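Asks: got a predicted structure plus its sequence, pasted below:
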Amino acid sequence: MVFERGNSSSTLKASADVTNGNGNGNGNGYVDGEAPANTNHRLQLCPNQNHMSENYDDLDTEFNPLIFSSLERYLPPNLLDAPRETKYEYMRGILCGFSTEGERNRQVQTHNEYRQKIISNYRPLCRELYTMNPSMFFVESFLRAFNANEKYRDEYIRDILSKIAPGVYTFQMLHPSFCEMLLREVKNIEEWLHETKLMVMLPSTITKSGLVLNDFGMKGTLDKLLENFVCHISRILFPDVCSLDSQHGYVVQYGIDRDVEAGFHMDDSEVTLNVCLGKEFTGGELFFGGMRCEQHVNSEPCPKEICVYSHKPGHAIIHRGYNRHGAKAITSGHRINLVMWCRSSVSRELKRHRNNFANFCGKCQGEKEKKLQEMKRALFARERGAPS
Ligand SMILES: O=C(O)CCC(=O)C(=O)O
Ligand SMILES: [Fe+2]
């Protein structure tokens, strides 16, 4: 397996989703010129003098458009000829990474205005999607578990979850008619975007074909999904994660004419929910390489951490954001998934005060065990009178 440094970890400050309220970005940007998924290039030290920069004057952006034209000549060579939108997102991410608190507030305001502009102009196709309606959204087994008497609820929820690797679980979740409805809505959004030529913010640097559902009026529904369902599952599966208090919800699309795969990365989330909506496809399996702290992000996985999962429509997979993963290439058809990066501002604050992550990082755990073994050996030797 080739390990690429993912770019959606919480180390990345800049973000198109500046509204999560906890000061963390969604990975849609880079600190000090870190490159997008699937590339390992940084901003160049010297500008490419022969490159003709694009014009960014028409963009509704918080930065002076001239900055983008100047910065463009410093882009990694593989990005120089990328679509203007990709270059813009990459450069905006870098600029946001350097911004101060005041600028950050302005970004929040800009993002709110951007969202408001979409919401007041986009006409939803399936209005039912914009209000949480469990009996319409979920399959029977999922509803039964959540509707169980409080005394047995956790036990019933545990029963519907299948563990496929340490910290990775799957379960049946979305009703086929809900999946079908959301697919129709996504198609409608895409047609509207095509007509209006509106440039949208991508959900993360991992995808070129994603749509942030929160920006299209579904924040209320997804907040309820987090609050009433995902929080509960997270509390059962990941008790060390503090309460999840915000979400970044989006769809990702794969196909021959879209993204084909997703590079190996970590999410900017404490917990990620990922549900396949359809349609028909082959390939595109998710692969996992174990949980790591930021310091050990590039360390090798141990065999028990590796697992491969084939997406099935309606089925969800839930894992810690730090569990490194990627999606293999789709080999035919079209795959669309609903992804929700769930965040905990308390967990993030606590993490800032820690320097050992043996509670989740496989590598920190290994090192801690090694030290313990060494201490035990030294103690044993001392007891037997051997010179230490
Ligand atoms: O393609 C997938 O199912 C995974 C997408 C993903 O990992 C992400 O968006 O963070
Ligand atoms: Fe991911």
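Replies: That came in fine, so what should we check first? Numbering: from 1, shown residues only. Ligands and ions are numbered 1, 2, ... in the order given.

Asks: part of a strand, is residue 368?
Replies: No. Per DSSP: H, G, I helix; E, B strand; the rest coil, residue 368 lies outside any strand segment and is helix.

Asks: can you get me a residue count around residue 264?
Replies: 22 (other C-beta atoms under 10 Å). In this view, the C-beta of every residue, glycine as well, is placed from N, C-alpha and C.

Asks: quick one, what contacts the residue of the chain found nearest ligand 1?
Replies: Closest residue of the chain to ligand 1, C-beta to the nearest ligand atom: residue 327 (3.6 Å). Listed by C-beta atoms under 8 Å, 6 or more residues apart in numbering, the contact partners of residue 327 are 254, 261-262, 284-287.

Asks: also residue 292?
Replies: Counting by C-beta under 8 Å, 6+ apart, residue 292 touches 266, 299, 322, 324, 361-363.

Asks: how about residue 337, secondary structure?
Replies: Three-state call for residue 337 (three-state DSSP): strand.

Asks: over to residue 62?
Replies: Once three-state DSSP is applied, residue 62 turns out coil.

Asks: same thing with residue 145?
Replies: Look at residue 145: counting by three-state DSSP, its state is helix.

Asks: next: residue 276.
Replies: At residue 276 the chain is in strand, as set by three-state DSSP.

Asks: so what sits opposite it in the bridge?
Replies: Legend: beta-bridge partners of residue 276 under DSSP bridges are residue 337.

Asks: so who does it touch?
Replies: 311-316, 335-337.

Asks: now render those residues as CSV, adding pLDDT, neighbour count and distance to residue 140.
Replies: Converted to CSV, those look like this (pLDDT from 0 to 100; neighbours: other C-beta atoms under 10 Å; distance: C-beta to C-beta, whole Å):
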residue, pLDDT, neighbour count, distance to residue 140
311, 98, 25, 21
312, 98, 13, 16
313, 98, 19, 16
314, 98, 19, 12
315, 98, 18, 14
316, 98, 24, 15
335, 98, 23, 25
336, 98, 25, 23
337, 98, 24, 22
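
Asks: near ligand 1 too, which of the residues you listed?
Replies: The residues of the contacts of residue 276 that also fall near ligand 1, by C-beta under 6 Å from any ligand atom, are residue 337.

Asks: hmm, back to that, among the contacts of residue 292, which lie within strands?
Replies: Judged by DSSP state E, strands contain the following of the contacts of residue 292: residue 324.

Asks: the contacts of residue 292, buried ones only, as a PyMOL selection?
Replies: To isolate the buried members of these in PyMOL, using 16 or more other C-beta atoms under 10 Å:
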select buried, resi 266+299+322+324+361+362+363
